[in-house]
Every structure is written in C-alpha cells, then in structure tokens.
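Novice: This is a predicted model, with the sequence first.
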Amino acid sequence: MKPCFYGPEPHPVTSKFDGRSRVIIERVSPEIDGGRYPVKRVEGELVHVEADIYTDGADMLSALVRYRRSGARKWLSSPMEPVENDRWSGSFRAGEPGMMEYFVEAWVDHFATWKRGLRKKVDAGQDVSVDLEIGALMVRQASSRAEGGDAARLQELGSVIVAAGAEPSAVEAAESSELHELMQRYVDKAHMTQYDLQLSLQVDPAIAGFSTWYELFPRSWSCEPGQHGTFAECSRMLPRLGKMGFDVLYLPPIHPIGLTKRKGRNNALQASPDDPGSCWAIGSPDGGHTAIHPELGTLDDFRKFVRAAESEGMQVALDIAFQCSPDHPWVREHPNWFVWRPDGTVQFAENPPKRYEDILPINFESEEWEELWTALRDVFLFWIAEGVRVFRVDNPHTKSFRFWDWALAEIRAQHPDTVFLAEAFTRPKVMARLAKGGYSQSYTYFTWRNTKHELQEYLAELTATELREFMRPNFWPNTPDILHEELQNNGRPMFLIRLVLAATLSSNYGMYGPAYELCEHLPVMEGKEEYLDSEKYEIKAWDMDRPGNIRAEITAINRIRRQHPALQQTADITFLRVDAAGGHEHDKLMAYVKKNEDASSIVLTVVNIDPHAAHDGWLRFPLEQFGLSHDHRFRVEDQLSGATYDWTGEWNYVALHPAGMPAHIFSVHLHP
Ligand SMILES: O=P(O)(O)O[C@H]1O[C@H](CO)[C@@H](O[C@H]2O[C@H](CO)[C@@H](O)[C@H](O)[C@H]2O)[C@H](O)[C@H]1O
C-alpha cells in the first residue's frame, strides 16, 4: 500500500453558522496546538475537560463535553459545571486503546433561567402567574420533544404549573427534581454553540502509563561464559526478572550485525576477528531489520522467548533502529534510500557529537520516499505479527517527523495496543514534537538532573505544563550509553538514590539492568559517560549474585510501585518543604507526595540525595490539600522498612542515613 500523506490537522466541527448562538466557548483544555495533535491518556483514565463559557447578559447556561470513539456514529455526553470565573469543567473516561474525539457544546438554558427568576420573585412576594404560564409553555414544548410516558408526564406537570389558584403547588412542581430531570432529558438546545474544533485523544494501553523496563543484551546470557548466548539460554533470566517486578524486557537490536567497519571493544574503529560488533550496526548477508542474528537463534526461538516472557508477566520490547550496516541487503537493493557522496562512498551516521562509523543513515529526502516509508512501517508490522507490542525507537529525532506522524498513526490504526518509546536525547522542542506525533513514552533529561532544585524544576516542567497532556516521561538512571558521573563517583548509595528517584518520581522507569543491579561504575575514561568494556561491543558474563548488588532493593521498590496506585501515575505530585536545623530549606532531603485519582492511595517519598552523609530535618505534610486541619493525627508506614509512625500535625521529623536505604517510601493513612 502506498503511503498517503496526511499531516496532523485540526478537525473543525461542521455545524452551520447560526447567528442566534449566543454562547461563547474559548480556551478549551486540554487542546494541543489548536487541535493539531492528540492529547494522551491510558485506557480507563479520566479526561478532565475545561473551557471558558459565557454569554451576553445574565442568562443561565448549560454545557456538555461530547465524546466518542473515532469513527463511531453516536456521541456520548458528560455534563460540565461552572468552577469559577466563567471557567467550566467536566470529564469523561478514556475507553479502550484507540483514538477518541471530544468537543464542548453549550447553550442558554432558558428553563434554568426561568426557574431562577421564579424563585427570586416568589421570595420577594411578587405575582408570578404570568411567569408560571411561560414556564408551563416551556414544559409543554419539552413534552413535544419527549416520547411515551415522559411526554405524558411533562404535559401533566405543565398543567400543574399553570393551574389557577394553586400557586404553591405550581411552584413546587416547577422546582421539583422530577421536572428538572425530565427537562434535562428533553433539553431545548436551540441555538447552542459547539466549540469549533473536534479535539482528538490517543488512548494507549495501561502499560504506556505505568511500566518498569529492564534492558539486557541476550547475547551475554550464554550458559558458557564468554560464548555468544541464544534466546533459549537467555530465557533463564525471565523468571528472575519477573520476580523482580519488571514488566517490559527491552532487547537492543536482535538482527544480523554487519562486518564492514564493525566496531571493536571500547568503540574501537577496528574490530578483532572475534569481536561481535555493535548490535545497532544492523544488517548482513543474513538479512536486515526483519531477520534474527543467527547466533541468537531462529524466529521460532524468538517467538518462544516472547511467550516465555509473557508467562512471567513481561512484554518483550524491541529496539527499532532505522539505519544500516553497509552489509544490509537494503544498501544493495535500494541504493537510493542512502546518500552517496561524489566519490561513490556513503556518509556514515551521526548524532552529533557522536559518530557512528559502522552505519549508514537513511535518506528521508530520497526520491523513493513512499517505498521507503512503507518498508520502514512494515518492519514494525512484521514484529507486531510476531507478538511484539512495545518498541524502543533509536534516535527518532534523526528521522523525518512527517514519517513518524504517518507511520505511528498507520500502525495504531491496526494495533492500538502498541507502545513506542522515543529514544531522543535532544532539544526539548524536538522531543516534545516526537511525543505530539504519537510516541507513547519519551526518554528524558532525568539522568542529568541531580540536585534537589534541578529535579524539582524538571518535574514541574513535565507535570505542570502542557507537556503533561501528551508526553509521558520514562526515567532511566543509566543506559548502555550513559553512566552518569554521579554513579561513577559515589558508590552503591548513589545507585540506590537514583533508583528510588526514578521509580517514584515517574510511573515509567527503566534501567540497563545487569550493570545497574551490580553498581557497575567504571567509565571508559575520566570525563566520559561510556562504560569501560561496554557491553555494546563485547559479550559479557555477568555474576548477578556478586556482593554489593542491589537486587533486593530493586525488587522491593518494584513491589511497592505495584502495590500503590499513587506511584502508577506521574502528573499528580507535590514537592514538600523540608527544613534543616536552622529553619532554611534542606538541600539534601527531598520529599514529595503522590496520590491516585480518588486519593485512595497516597504515597510520601523522602530521599536523602547525599550519598556520603546522614541528614535530618522537618517536613511539612500538606494536610490542607486533603481538607484536614493542621493538627490532624495520621499514620505513615514505610513500605521499605515496615516501620510505622504516628504523626501529629503538618510538621514531622525525618532522618535518613545513606549507609542503609537512603529513602522512606511511606504509605499515608490519613484516617488510621
Ligand atoms: O545516539 P544515542 O546516544 O542516542 O545512542 C543510540 O543510538 C546509537 C546509534 O544507533 C547507538 O550507538 C551504538 O551503535 C552504533 C552503531 O552500531 C555504534 O557506532 C556506536 O558506537 C554504539 O554506541 C547507541 O547504543 C544507542 O543507544
């Protein structure tokens, strides 16, 4: 099928202009770039919609959020209520994964306006006989819109309202809840206003909103240390990872690796004959992006691996890296998909300042772009057919945005349960644009945000700006490319600190697992973030039981995340004030509280971010946020240590030593 380009476009509501529509609807939120891009939610999540809604004069208004699955004929409605200052609010629940649409409509509610006036006049002792006739007329008109028993009942109530000499009972009937409900049901929406855009909502599977990723290189899991591992051998890791609470097992590329310009150990430009090469150098005579590296096994072995992972509660995530080793079949079959220099050589790929001498970038300005796009999309479809639903996409920012807009929409239309993590460590606007274009999750700058101030500021950017509507952060304390100097220099306590922060600040987090569990901390050279003897270029034999490992802590934190819905979302977070002895803000103790939709789960995390010293201080718990007095008594229970504390009032003492667990993860019981 040829790609048919469609860029993101706002969809206007097509109702005819009617000069009698007096209601104004403005500043609808969420709305991304005038409706060009969808808002994102996961299945079952509440979608809050707000708008400024007002009209001339003092008439009363009614408003609805209208919503439906894209393509459905019937629109559903949910009422909106005024909040303050002409701002209205309503909500609906995201359904199954797929696309939905919503907009706002509002109208002058003549019946409500009439009722309000009637009450005022009755209270002032005025004659309301004409008013009752006006009201009765509205009720009879509603009766003509109604059916069956409702129509008859409205007629009856209309008569009661005008019945001569029966004023109190007429007013009573006018104000009855029964009439209110019937009038709502057969509301007169003549001259209503519809917001001029139909906004779209991308509903993702639950795992897009709450996921725990573990990255490993399957080739390092041979039963014979030093040999190339297979999927079958790597399967022995699955029960262990499932028990540790991971639900996404992410594999770097699993395809044949090129020989030409193959990289050697520690990123050497020359490989030795027994070097396995970087697995991102995709393609050899054995095949390209839809083939499996022969030493890992067959497609059937891969299928078995995917099923085995599923039986341990994990989805396998594949790395999609659209680039080719010079040995990739596409280079021969489709030379026009690459840029050739005048001397007949091909430009190698870059992600400045990094240089990838063993791969060729794809040319998104190729004359054959339609064929190219189709082939790239089909790589995803191929692996989806093999049972994969989660993809980590390598450097999407070095590929055309228009391609992603198209490809992700195409894939989602057929498979709305797919999840795409954008591995783009680049400029903020570029990362945001990828998220707008359909990526379900995004890598972030978390790794480089280390002080309390940096972390709080970054979380505010992610959760208190428009980003929260369409960009889901995924926090990684390390990756095979990034061993931050904080981890290089501060020992095991820093691994625990960064673990707790990643896992409790963000509902989606992941780790390059073996190296993280074992607190690997040696860089290839001082000042670099690359690992020494990086697994990217060689087969490793990990001793996962090595002393000093943090497996138990990781397992405990993943368990806590699963047990507490407050930690399964990112946006609802409040940073708390923590005071040091002198009364000034503590710069080493960080505290934040998270809660779920109905506040049935409240989690307070306190972290000592100093890996070298113990710290204590006083934290202020925001009781007022929960409608409680400042001297309220409540209980907190540390989910890590099991210790329980009864706290009285908003200020409470905390102390944390980095030698043990440098954090408390308290479940908060406001009414013990
Ligand atoms: O550019 P990033 O830092 O985001 O890193 C990602 O993409 C890189 C290119 O795919 C990838 O780099 C690795 O593979 C290259 C191709 O084989 C090789 O030249 C690099 O030396 C190697 O690091 C990186 O792993 C990936 O995360």
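Specialist: Ah, there it is.

Novice: use CA for all of it now, contacts and neighbours both
Specialist: Will do.

Novice: ok, which stretches of the stretch 201-350 of the chain are strands?
Specialist: 211-215, 248-251, 315-320, 323-324, 349-351 (DSSP state E, counting those that start in this stretch).

Novice: just those strands: most buried one?
Specialist: strand 323-324 (a mean of 26; mean count of other Cα atoms under 10 Å).

Novice: quick check, distance from that one to the centre of its chain.
Specialist: Mean C-alpha position of strand 323-324 versus that of the full chain (Cα atoms, centre = their mean, to the nearest Å) differs by 29 Å.

Novice: again, but for stretch 458-468
Specialist: On Cα atoms, centre = their mean, the centre of stretch 458-468 falls 12 Å from the chain's centre.

Novice: related to what we said a few turns ago, for Ser62, find the nearest of the strands of the stretch 201-350 of the chain.
Specialist: With Cα to Cα, the closest approach to Ser62 among the strands of the stretch 201-350 of the chain belongs to strand 211-215: 39.8 Å.

Novice: CA atoms only: put the closest one into CSV for me.
Specialist: Extracted in CSV, the C-alpha atoms of strand 211-215 (Å, rounded to 0.1, in the frame of the first residue of the first chain):
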residue,chain,number,x,y,z
SER,A,211,5.8,0.3,33.2
THR,A,212,9.0,-1.0,34.6
TRP,A,213,11.7,-1.7,32.0
TYR,A,214,14.8,-3.9,32.1
GLU,A,215,17.3,-3.8,29.3
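
Novice: relative to strand 315-320, how tilted is that strand?
Specialist: Strand 211-215 and strand 315-320 meet at an angle of 60 degrees, taking axes from the mean of the first three to the mean of the last three Cα atoms, to 10 degrees as the criterion.

Novice: Strand 211-215 packs against which elements?
Specialist: Contacts defined by 3 or more Cα pairs under 8 Å, 6 or more residues apart in numbering; DSSP states H and E place strand 211-215 against strand 248-251, strand 508-512.

Novice: Distance from the chain centre to the last one, please.
Specialist: Meaning strand 508-512. 14 Å.

Novice: And for that strand, what's in contact with it?
Specialist: Strand 508-512 has contacts (Cα atoms under 8 Å, 6 or more residues apart in numbering) with 208-216, 472-480, 502-503, 568.

Novice: and that strand, average pLDDT?
Specialist: What strand 508-512 shows for mean pLDDT is 99.

Novice: anything in it sitting right up against the ligand?
Specialist: No. Judged by Cα under 6 Å from any ligand atom, strand 508-512 and the ligand are separated, with a smallest distance of 10.8 Å.

Novice: Can you name the next helix or strand after that strand?
Specialist: helix 513-517 (DSSP states H and E).

Novice: Helix or strand next in line after that next one, which one?
Specialist: helix 551-563.

Novice: now what about that next one, what contacts it?
Specialist: The contact list for helix 551-563 (Cα under 8 Å, 6+ apart) reads 212, 243-246, 496, 499-500, 503-504, 517, 567-568, 639-640.

Novice: Show me what counts as buried in it.
Specialist: Arg551, Glu553, Ile554, Thr555, Ala556, Ile557, Asn558, Arg559, Ile560, Arg561, Arg562 (16 or more other Cα atoms under 10 Å).

Novice: Is His191 in a helix, a strand, or coil?
Specialist: Taking DSSP: H, G, I helix; E, B strand; the rest coil as the rule, one finds His191 in the coil state.

Novice: so what's the spatially most central residue of the chain up against?
Specialist: Closest residue to the average C-alpha location of the chain: Arg472 at 3.1 Å, with Cα atoms, centre = their mean. Shown in contact with Arg472 (Cα under 8 Å, 6+ apart): Gly209, Ala435, Ser440, Gln441, Ser442, Asn508.

Novice: What of Met244?
Specialist: Counted by Cα under 8 Å, 6+ apart, Met244 has contacts Arg551, Ile554, Thr555, Ala556, Asn558, Arg559.

Novice: what's the closest non-adjacent residue to the residue in the stretch 501-650 of the chain positioned nearest to the ligand?
Specialist: Closest approach of the stretch 501-650 of the chain to the ligand (Cα to the nearest ligand atom) occurs at Lys536, with a separation of 6.4 Å. Once flanking residues are discounted, Lys536 sits nearest to Ser278: 5.5 Å by Cα to Cα, 6 or more residues apart in numbering.

Novice: And that neighbour, its phi and psi?
Specialist: Main-chain dihedrals, Ser278, degrees, to the nearest 10: phi -80, psi 130.

Novice: do the same with the one 5 residues further on
Specialist: Listed backbone geometry of Gly283 is phi 110, psi 130, with angles given as degrees, to the nearest 10.

Novice: can you tell me how far the spatially closest residue to it that is not a sequence neighbour sits from the ligand?
Specialist: Distances taken as Cα to Cα, 6+ apart place His328 nearest to Gly283, at 3.8 Å, with adjacent residues excluded. Using Cα to the nearest ligand atom, to the nearest Å, His328 is found at 12 Å from the ligand.

Novice: buried stuff in stretch 51-70?
Specialist: Here stretch 51-70 shows 51-55, 59-69 as buried, counting by 16+ other Cα under 10 Å.

Novice: Looking at those, which is nearest Asn652?
Specialist: Using Cα to Cα, the buried residues of stretch 51-70 come closest to Asn652 at Ala51, 39.5 Å.

Novice: so what pLDDT did that closest one get?
Specialist: pLDDT, Ala51: 98.

Novice: looking at it, it is touching Trp88, isn't it?
Specialist: Yes. Counting by Cα atoms under 8 Å, Trp88 is a contact partner of Ala51 at 5.3 Å.

Novice: Going by residue numbers, what spans are helices in the stretch 201-350 of the chain?
Specialist: Assigned by DSSP state H, counting those that start in this stretch, the helices in the stretch 201-350 of the chain fall at 231-234, 237-243, 299-311, 329-333.

Novice: Nearest to His191, out of those?
Specialist: Distance to His191, taken as Cα to Cα, is lowest for helix 299-311 among these, at 54.2 Å.

Novice: can you count the residues close to Lys429?
Specialist: 9 (other Cα atoms under 10 Å).

Novice: try Phe666
Specialist: Using other Cα under 10 Å, Phe666 is surrounded by 24 other residues.

Novice: what's the answer for Phe626, then?
Specialist: Phe626 has 9 neighbouring residues, counting by other Cα under 10 Å.

Novice: Same question for Phe338.
Specialist: 21.

Novice: Look at the residue nearest to it when sequence neighbours are not counted and give its secondary structure.
Specialist: Sequence neighbours aside, Asn363 is the residue nearest to Phe338 in space, at 4.9 Å (criterion: Cα to Cα, 6+ apart). The three-state assignment at Asn363 reads coil, by three-state DSSP.

Novice: can you pull the contacts of Asn363?
Specialist: Counting by Cα under 8 Å, 6+ apart, Asn363 has contacts Asn336, Trp337, Phe338, Val339.

Novice: same thing with Val331?
Specialist: The contact partners of Val331, taken as Cα under 8 Å, 6+ apart, are Cys324, Trp337, Phe338.

Novice: Apart from its chain neighbours, what residue comes closest to His397?
Specialist: Closest to His397 by Cα to Cα, 6+ apart is Ala424, at 5.9 Å.

Novice: So the one you found versus Phe380, what's the distance?
Specialist: 18 Å (Cα to Cα, to the nearest Å).

Novice: What of Pro352?
Specialist: Distance from Pro352 to Phe380, counting by Cα to Cα: 27 Å.

Novice: Also Gln202?
Specialist: 19 Å.

Novice: rewinding a little: report the buried members of the contacts of helix 551-563.
Specialist: Buried among these (16+ other Cα under 10 Å): 212, 244-246, 496, 499-500, 503-504, 517, 567-568, 639-640.

Novice: okay, the helices of the stretch 201-350 of the chain in JSON lines with distance to Leu132 next?
Specialist: JSON lines is the format used below for these (distance: least, Cα to Cα, whole Å):
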{"stretch": "helix 231-234", "distance to Leu132": "80"}
{"stretch": "helix 237-243", "distance to Leu132": "69"}
{"stretch": "helix 299-311", "distance to Leu132": "67"}
{"stretch": "helix 329-333", "distance to Leu132": "80"}
